[in-house]
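*Asks:* build me a model from this:
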Amino acid sequence: DDGDDDDADPPMPTGPGLLRVRVLEGSNIPAGDRTTSDVYVTMAVNGREKQRTPVVHNTVDPKWSVRDEAACFSWEIADASAATLEIKVKDYDVMPHLDGNELLATLHLPVEEAQVVASTGDPFTTATPRPFDLEPAKTPRDTDSPVLLSLAVAFCPRKQLNSQ
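*Replies:* Numbering: from 1, shown residues only. Have a look, this model is predicted:
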């Protein structure tokens with residue numbers, strides 16, 4: 001052993017804190033219309049405080065600008081070990097009263113899987129983006145590839161927030 005802690009597991013979020021999520025891009029999202037979707041993402045923690053991204057039109061590989069604050073979300077979390085981020089990818093329809101905004105894919109992400117970050121700096125930029133496998137609600141066009149959503153998911157523990 002060389003004393004190097006590089007292989008140590010990163011700390012898991014526990015207790016109260018601030019959860020921050022940046023939506024970056026999706027790939028192989030199922031088509032809600034004939035060949036593409038007008039994609040947007042909704043998120044909620046334990047079913048509360050639902051938030052949503054802007055719509056990215058006519059694609060199955062949506063991208064949100066890293067400068068788009070409308071694709072960045074925050075929640076105060078009472079206990080990270082008991083919180084789940086509920087993510088839904090949907091197809092926006094101009095006339096939702098006809099057939100509704102269609103569910104394309106889902107993900108239930110325990111907040112414990114967030115990357116713990118210090119409150120110094122912008123948690124939206126300090127969390128490392130990574131792709132998450134979604135559960136498709138419809139069959140994607142490329143059935144050999146996963147349905148992915150790239151997110152930067154950061155958790156800043158309350159004790160670090162209070163120490164500033």
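*Asks:* give the buried residues for stretch 47-60.
*Replies:* Going by neighbour count (16 or more other CB atoms under 10 Å), the buried part of stretch 47-60 is 51, 52, 53, 54, 56, 59, 60. All C-beta atoms are positioned from the backbone trio N, CA, C, and that covers glycine.
*Asks:* I'd say residue 16 and residue 77 touch.
*Replies:* Yes: counting by CB atoms under 8 Å, residue 77 is a contact partner of residue 16 at 6.2 Å.
*Asks:* neighbour count: the two, which is higher?
*Replies:* Between residue 16 and residue 77, residue 77 has the larger neighbour count (other CB atoms under 10 Å), namely 24 against 16.
*Asks:* beta partners of the more buried one?
*Replies:* residue 17 (DSSP bridges).
*Asks:* so it sits right up against residue 20, yeah?
*Replies:* No: using CB under 8 Å, residue 77 makes no contact with residue 20, being 10.3 Å away.
*Asks:* quick check, pLDDT for residue 97.
*Replies:* The per-residue pLDDT reported for residue 97 equals 62.
*Asks:* and what of residue 124?
*Replies:* At residue 124, the pLDDT recorded in the model is 60.
*Asks:* need the three-state assignment for the closest residue to residue 109 other than its chain neighbours.
*Replies:* Excluding the flanking residues, the one nearest residue 109 by CB to CB, 6 or more residues apart in numbering is residue 85, at 4.4 Å. For residue 85, the assignment made with DSSP: H, G, I helix; E, B strand; the rest coil gives strand.
*Asks:* ok, now the one 4 residues further on?
*Replies:* In terms of secondary structure, residue 89 is strand; the call rests on three-state DSSP.
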